[in-house]
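# got a sequence here, can you build the structure:
(4 chains)
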Number of protein chains: 2
Amino acid sequence: MLCPFRQACRHACGDSALPLAPGRLRLRAGDVLYTQGRPALAVYPVRTGGLKQVYESRLGWRQVSGFYQCGDVCGLEANEPATHNASAVALQDTECCAIPIEALHGSLADPGLRTAILANLRRQANRQAELLVAIGSMKASQRLAMLLLDLAAEQVRRGITDGGLTLAMTRNDIASYLGLTLETVSRLLSRFRSVGLITVRHRKLRIVDPDGLADVHADPDRVALRESVE
Amino acid sequence: MLCPFRQACRHACGDSALPLAPGRLRLRAGDVLYTQGRPALAVYPVRTGGLKQVYESRLGWRQVSGFYQCGDVCGLEANEPATHNASAVALQDTECCAIPIEALHGSLADPGLRTAILANLRRQANRQAELLVAIGSMKASQRLAMLLLDLAAEQVRRGITDGGLTLAMTRNDIASYLGLTLETVSRLLSRFRSVGLITVRHRKLRIVDPDGLADVHADPDRVALRESVE
DNA sequence: CGCAGCTTTGAGTGTGATCAAATACGGTGG
DNA sequence: CCACCGTATTTGATCACACTCAAAGCTGCG
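Model prediction:
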């Protein structure tokens, strides 16, 4: 059995983001911000765009383990001795800052920055744990509903509340993240649409019925119920 | 659909381990060392026995997210503001130390202790990531083989190399940890035994063919192959 | 315009969940 | 010491969910 995450990572000329350039970094879709196993030299707050975190296991199985958007800080997953234990790959045109870790140690004195960093760390840890439970014991429809609600909550956190969002990632990325196949994700999105929970067209998605999605997240049979009602 | 992890946690008179007793703590099977959501007051290196880490998601789904044995440090999963984001429950009679976090900050000056703590952190983070990939995209037999190899490696790390190990956790705990059902775990153990990879009797387990297990970890079809060969 | 990658949809299959029952074990009290 | 009970484990039969294989459509880019 091959690794189900089939998408090859396009490494842009080594690590395209030369790590120590001060200030902003500009990435294009597919560019690698940093690579698992390499020394961690900086952390990267995201200004615009989006990235995926990709973990590669000892046996070479790759899986998307997180998504980064504006306001998230990439590179915090590194552990001592300072080595990244996941890679970050841009999903679209992306800009981020680079804060060298020496500078980071100083910045942590600033209470505002510190709480921001810690909040990021906690959010990522919680998401990781929730993801584990989701993949470990929830049905496919529940997992997808969870992701959509998470993405929507992110939007709200940064002030956009109209329920419309643009998926930066492919179906394959979503599938890998949720421990599913891309076909299943595609089918479920269609099903959610057909029962009136969302509208989707390619990467444009709108959550029509957040409460309904929350119901599905809590109990996957709700989708079937809605189907018969509709 | 109910939470598939059906086992109730027996809370021993609140948090039975009064957190600030200096030195050793003594727990019996089922006792709760600390509870998710409560303030993190200390970290707990394990001296003898074993514990499980249990995470409860926002919707109340419980899942075993790790196992602690002698040499592991419980409580490091806490994040600022200092709150445990998982619970720890003893699997058997267990002794551990309690290092209050104020004392911890001092101890980190000691290079030996610091590297020990950091090594623990890294090991736990890696295991978490490997587990995510395993649950997300590996077959049941691969996941179980992975766990058995991990447990065996732990034994080796502490000097016992005869391949015999005692499972402190129930089949249900294993199943929850691997994102399976207890029936599947039981069946797989029987299958592994019938093809000569291991011997099992209740909690006593011996790895007969480590290379064979590694093969199964890499490719689940190997079990079937061995079946026909045998 | 043509190609490559992403997405959708369909049909069939298999793994692991579910439901169910029998057995073995460990602790407790008579 | 033995009988008993609750819990853990094993094993069987059946079924559904999600995977696999396959083909066609859509999109964007060169």
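# C-alpha from now on. contacts and neighbour counts both.
Fine.
# can you show me the helices along chain A?
Remark: helices assigned in chain A by DSSP state H are A:101-107, A:111-137, A:140-157, A:171-178, A:182-194, A:210-218, A:221-229.
# how about those helices in CSV, adding mean pLDDT, mean neighbour count and distance to residue B:40?
As requested, the helices of chain A are exported to CSV (pLDDT from 0 to 100; neighbours: other Cα atoms under 10 Å in any protein chain shown; distance: least, Cα to Cα, whole Å):
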stretch, mean pLDDT, mean neighbour count, distance to residue B:40
helix A:101-107, 87, 13, 24
helix A:111-137, 92, 18, 14
helix A:140-157, 95, 19, 27
helix A:171-178, 98, 24, 30
helix A:182-194, 97, 17, 39
helix A:210-218, 95, 20, 29
helix A:221-229, 67, 14, 38
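# out of those helices, flag the one nearest chain B.
In terms of Cα to the nearest Cα, the element of the helices of chain A nearest to chain B is helix A:111-137, at 4.0 Å.
# tell me what angle that closest one forms with helix A:140-157.
Interaxial angle of helix A:111-137 relative to helix A:140-157 (axes from the mean of the first three to the mean of the last three Cα atoms, to 10 degrees): 170 degrees.
# from the contact counts, what lies against helix A:111-137?
Applying 3 or more Cα pairs under 8 Å, 6 or more residues apart in numbering or on different chains; DSSP states H and E, we find helix A:111-137 packed against helix A:140-157, helix A:171-178, strand B:62-69, helix B:111-137, helix B:171-178.
# just how off-centre is that helix within its chain?
Distance, stretch centre to chain centre, for helix A:111-137: 12 Å (Cα atoms, centre = their mean, to the nearest Å).
# my guess is residue A:167 contacts residue A:201. True?
No. Taking contacts as Cα atoms under 8 Å, residue A:167 lies outside contact range of residue A:201: 10.3 Å.
# more neighbours: which of the two?
Higher neighbour count among residue A:167 and residue A:201: residue A:167, with 17 against 11, using other Cα atoms under 10 Å in any protein chain shown.
# which one is that one nearest to, not counting chain neighbours?
Distances taken as Cα to Cα, 6 or more residues apart in numbering or on different chains put residue A:203 closest to residue A:167, at 4.9 Å, once the chain neighbours are dropped.
# ok, that neighbour - contacts?
Counting by Cα atoms under 8 Å, 6 or more residues apart in numbering or on different chains, residue A:203 touches A:166-168.
# please apply the same query to residue A:205.
With contacts defined as Cα under 8 Å, 6+ apart, residue A:205 is in contact with A:164-167, A:198-199.
# scan the residues you listed and report the most crowded one.
Neighbour max across these (other Cα under 10 Å) = residue A:198, 22 neighbours.
# per-residue pLDDT of that residue, please?
If you check residue A:198, the pLDDT there is 96.
# isn't it up against residue A:192?
Yes. Using Cα under 8 Å, residue A:198 is in contact with residue A:192, at 6.0 Å.
# would you mind naming what in chain A lies close to DNA strand D?
Contacts of chain A with DNA strand D, taken as Cα under 7 Å from any atom of the strand, map to A:1, A:4, A:138-141, A:179-181, A:183-184, A:202.
# so which bits of chain A are right by DNA strand C?
Checking chain A against DNA strand C by Cα under 7 Å from any atom of the strand, the hits are A:7, A:169-172, A:182-187, A:189-190, A:200-203.
# ok, now with 6 Å
A:170-172, A:183, A:186-187, A:190, A:201-202 (Cα under 6 Å from any atom of the strand).
# tell me how chain A divides into domains.
Domains of chain A are assigned by the TED database as A:5-133, A:139-226.
# could those domains go into a markdown table alongside distance to residue B:158?
Rendered in a markdown table, the data for the domains of chain A read as follows (distance: least, Cα to Cα, whole Å):
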| stretch | distance to residue B:158 |
| --- | --- |
| domain A:5-133 | 22 |
| domain A:139-226 | 34 |
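# closest one to residue B:74 among the helices of chain A?
Taking Cα to Cα, helix A:111-137 is the member of the helices of chain A nearest to residue B:74, at 16.2 Å.
# okay, the angle between that closest one and helix B:171-178?
Using the same axes, to 10 degrees: helix A:111-137 against helix B:171-178 is 120 degrees.
# now the angle from helix A:111-137 to helix A:210-218?
Using the same axes, to 10 degrees: helix A:111-137 against helix A:210-218 is 60 degrees.
# before we move on, the earlier item: of the residues of chain A next to DNA strand D, which is the nearest to residue B:124?
Of all those, residue B:124 sits closest to residue A:179, with 21.0 Å by Cα to Cα.
# out of the domains of chain A, flag the one nearest residue B:51.
With respect to residue B:51, and counting by Cα to Cα, the nearest of these is domain A:5-133 at 18.2 Å.
# starting at the chain centroid, how far to that closest one?
On the basis of Cα atoms, centre = their mean, domain A:5-133 sits 11 Å off its chain's mean C-alpha point.
# quick check: closest non-adjacent residue to the residue nearest to the spatial centre of chain A.
Residue closest to the mean C-alpha point of chain A, counted by Cα atoms, centre = their mean, is residue A:67 at 1.4 Å. Distance criterion Cα to Cα, 6+ apart; nearest residue to residue A:67, sequence neighbours excluded, is residue A:52 at 4.4 Å.
# partner residues bridging that neighbour?
Counting by DSSP bridges, residue A:52 is bridged to residue A:67, residue A:89.
# now do the contacts for it.
A:64-68, A:88-91, A:169.
# what would those residues look like in CSV with pLDDT and distance to residue B:27?
Formatted as CSV, the contacts of residue A:52 follow (pLDDT from 0 to 100; distance: Cα to Cα, whole Å):
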residue, pLDDT, distance to residue B:27
A:64, 97, 38
A:65, 97, 35
A:66, 97, 37
A:67, 97, 40
A:68, 96, 41
A:88, 97, 42
A:89, 96, 45
A:90, 96, 48
A:91, 96, 48
A:169, 96, 47
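# on that earlier part again, the helices of chain A: which one's closest to residue B:212?
For the helices of chain A, the distance to residue B:212 is smallest for helix A:111-137, at 25.7 Å, taking Cα to Cα.
# now the angle from the closest one to strand B:62-69?
Going by the same axes, to 10 degrees, helix A:111-137 makes 100 degrees with strand B:62-69.
# how close does the closest residue to residue A:141 other than its chain neighbours sit to residue B:130?
In space, and not counting its chain neighbours, residue A:141 is closest to residue A:220: 5.9 Å by Cα to Cα, 6+ apart. Distance check for residue A:220 against residue B:130: by Cα to Cα, to the nearest Å, it reads 27 Å.
# what does residue A:139 give?
As judged by Cα to Cα, residue A:139 and residue B:130 stand 21 Å apart.
# same question, residue A:105
Counting by Cα to Cα - residue A:105 and residue B:130 are separated by 29 Å.
# same deal with residue A:57?
Distance of residue A:57 to residue B:130, computed by Cα to Cα: 6 Å.
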